[in-house]
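Trainee: return a 3D structure for these sequence lines:
(one chain, ligands or ions: 1)
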Amino acid sequence: MVPPENTPGKTPAKTLFQRIIDRELPGKFVHEDNQCVAIEDINPGAPLHLLVIPRKPLPRLVDATAEDQALLGHLLLVANRLAVEKGYGDAYRVVINSGADAGQSVFHLHVHVLAGRPFRWPPG
Ligand code: 5GP
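Mentor: Numbers count the residues shown, from 1 in each chain. Model (predicted):
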């Protein structure tokens, strides 16, 4: 799959999040390991709003395969650990938008971790 920000035939551009991971753009890091990083969202939707981002630049969740099973599990465990460490273990929300119509705007898979206010269901 060709990420939307890339043009077929050209060297694939780095995603915005890849550039943050590579320290080419600023980011407030709250976690790093060999598989993923977590940063504060630049436009938080709640008192806690983190993004857990795999180093592997999968564009969308729909692009993941069985090969990514352990990585996807790791992302959720990191999301959980961070929510608990930040004091929000009782109530937090994890969101993955997959595809533009689902609200995805950055085509490098990421897990939103939101907490610190009441949330409604279904989300808008
Ligand atoms: P999406 O809409 O793709 O599910 O989520 C993308 C998220 O990335 C949004 O919540 C948006 O606020 C956040 N974001 C966009 N640009 C930047 C940036 O340059 N730095 C950080 N830390 N977050 C960003």
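
Trainee: how about the helices of the protein, start to end?
Mentor: 16-21, 69-85 (DSSP state H).

Trainee: show the average pLDDT along the last one.
Mentor: Going back to what we said before, that points to helix 69-85. The predicted model assigns helix 69-85 a mean pLDDT of 98.

Trainee: in stretch 22-41, what counts as buried?
Mentor: If you call a residue buried by 16 or more other CB atoms under 10 Å, then stretch 22-41 has these buried ones: 27, 30-31, 36-39, 41. Every C-beta, even on glycine, is put in place using the N, C-alpha and C of the backbone.

Trainee: ok, and which of those reach the ligand?
Mentor: 27, 39, 41 (CB under 6 Å from any ligand atom).

Trainee: low-confidence ranges in the chain?
Mentor: Low-confidence segments of the chain (pLDDT under 70): 1-12.

Trainee: what parts of it come near the ligand?
Mentor: 16, 27, 39-43, 51, 97, 103-106.

Trainee: against Lys14, how distant is the residue nearest to Arg19 when sequence neighbours are not counted?
Mentor: In space, and not counting its chain neighbours, Arg19 is closest to Leu25: 4.6 Å by CB to CB, 6 or more residues apart in numbering. When distances are taken as CB to CB, to the nearest Å, Leu25 and Lys14 turn out to be 10 Å apart.

Trainee: next: Asp22.
Mentor: 7 Å.

Trainee: and Pro44, by the same measure?
Mentor: For Pro44, the distance to Lys14 - CB to CB - is 24 Å.
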